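curious how this folds, go ahead:
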Amino acid sequence: MKLQCEVELVNRHLPTFGLRGRGRGTRAVLALGRPSDPALPPSQAGAAHLVIYTLKDKAGSRYQQLKENIEQFFTKFVEEGKATVRLKEPAVDVCLSKANSSNLKNFLSAVRLAHQGRAVEPLPLLTLAPLKTSEVEKPKTKMVITSRKDYPLTKNFPCSLEHLQASYCRLARIDMRILCLRKLKKLDLSHNHIKNLPTAIGDLVSLQELNLNDNHLETFSEVLCSSTFQKSLQSLDLSQNKIKALPLQFCKLQELIYLKLDDNELIRFPFKIGQLSNLRFLSAARNKLPFLPSDFKKLSLEYLDLFGNAFEQPNLLVPNVQLTVPLTLLEISARAILDYRIPYAPRTIPFHLCQDLDTSKSCDCGKSCLSSFIQAAVTMNLHDVAHTVVLVDNMGGTEAPILCYFCSLTCYSRFLDRSTKSNR
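Next comes the predicted model:
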């Protein structure tokens, strides 16, 4: 039986001589097993011994058989991967930390059985022998690959990886071996030739940062927006790709803080972008955005960059009228569901009606509308939604056109009157 953790050996006699231990642990492997030395007497050859292997001592520091040789167990913080085993001879405290709590419990149970002198045959004891360097060294948590020749083709990625960068490797697709790294928090696949994202990438439950800058992506899958990314993904870089639009479901990525969309072919933002309540840094420079969605004004950003977009000149007096009089029964029903916040789902109404309701518009008066509305573009100062704003154009402007919707002619007229008075 083995346990990987950090170990600190504290000699209880040191304070007697006015000395102190160094106070920090060393990466080690603890093993519980039988010695393989044929010179040992039979009484010791079959007994359980505790051995501590470190990178400097791969042969291991052996403590004699554990039977009746443990003074006390300290397990108050075992759920945090910490415990201490106090040996009688030598007078040493074996302090364990940064261990897997489940493995630590199993190991301590085996040590306790060995101490109590019970039959050791049922215990998974090893034949003690020196370990390889790879078995003792600290698990690798970061790997950076910046050329194709360094990319591993025959060896698997360490399962302990938390940060992986594989840039300039000319990858045409995401390696399936990467999708097995469940501890991965940061994945950088920038400067490759990736065209599609496999849905399995959404199974990386710990992933917080995803960098896909400078690839050949044309879409971002709806499936990924409904994956574990909803609760984990905080930073997403999709700049320098060929994306024209993001799906409506993109706004389910509620934990997003950083979003980079520079140098794409975006013609619109997600309709409900205002639902990204945690978003603080948004960059979408050098795209093809003509307008901003009405939901954009709900954002609260620290930094915003929309430089170099093809924003159109708004004209409030030339609206897009989609108003039908009288309203259809579908429109009346939809407005009632939205205004009274009546729950809906595919199990209660047809799926296509759910999609229509998800794309509803909010009028200036606060009420909702579905397909009967008046649409107009107005100018918005971007400082209303962001603390720091990069100039929209070379003329020094910080304003951009934003779409507004009105549920009736009355609401449009009132807004027009207010705008006319404010411009006087």
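
for residue 189, give its distance to residue 168.
Between residue 189 and residue 168 the distance is 10 Å, computed by Cβ to Cβ, to the nearest Å. The way it works is simple: take the backbone N, C-alpha and C, and place the C-beta from them, glycine included.

again but with residue 329, I slipped
For residue 329, the distance to residue 168 (Cβ to Cβ) stands at 59 Å.

now swap in residue 380 and tell me
Remark: distance between residue 380 and residue 168 (Cβ to Cβ) = 40 Å.

and the two? Which one has more around it.
Legend: neighbour count by other Cβ atoms under 10 Å for residue 380 and residue 168, higher for residue 380 (20 against 16).

quick one: contacts for the nearest residue to the more buried one once chain neighbours are set aside?
Nearest non-adjacent residue to residue 380, counting by Cβ to Cβ, 6 or more residues apart in numbering: residue 402, 4.4 Å away. Contact partners of residue 402, counting by Cβ atoms under 8 Å, 6 or more residues apart in numbering, are 291, 292, 293, 294, 296, 297, 377, 378, 379, 380.

can we see that at 10 Å?
291-297, 311, 314, 376-380, 382, 384-385 (Cβ atoms under 10 Å, 6 or more residues apart in numbering).

ok, residue 215 touching residue 194?
Yes - at 4.3 Å, residue 215 counts as touching residue 194 under the criterion of Cβ atoms under 10 Å.

neighbour count for these two, which is higher?
Taking neighbours as other Cβ under 10 Å, residue 215 and residue 194 compare with residue 215 leading, 23 against 19.

pretty sure residue 224 contacts residue 199?
Yes - counting by Cβ under 10 Å, residue 224 does reach residue 199; the two are 6.7 Å apart.

neighbour count for the two, which is higher?
Set side by side, residue 224 and residue 199 show more neighbours around residue 224, with 24 against 14, by other Cβ under 10 Å.

which of the helices or strands spans the more buried one?
Assigned by DSSP states H and E, residue 224 belongs to helix 222-225.

so which elements touch the following helix or strand past that helix?
Moving toward the C-terminus from helix 222-225, the next helix or strand (DSSP H and E) is helix 229-232. Under the contact definition 3 or more Cβ pairs under 10 Å, 6 or more residues apart in numbering; DSSP states H and E, helix 229-232 sits against strand 209-211.

and the strand it packs on, which strands flank it?
Counting by DSSP bridges, the strands paired with strand 209-211 are strand 186-188 (parallel), strand 235-237 (parallel).

residue 52: which of those is closest?
strand 186-188 (32.6 Å; Cβ to Cβ).

for the closest one, what is the average pLDDT?
The average of the pLDDT scores along strand 186-188 is 97.

from now on call the first residue 14
Sure, I'll start numbering at 14, so the last one becomes strand 199-201.

chain center to it, what's the gap?
Distance, stretch centre to chain centre, for strand 199-201: 10 Å (Cα atoms, centre = their mean, to the nearest Å).

got it, and stretch 374-391?
In terms of Cα atoms, centre = their mean, the centre of stretch 374-391 is found 35 Å from the chain centre.

repeat that for stretch 329-337.
The answer for stretch 329-337 is 42 Å, by Cα atoms, centre = their mean.

repeat for stretch 264-282
Counting by Cα atoms, centre = their mean, stretch 264-282 comes out at 16 Å from the chain centroid.
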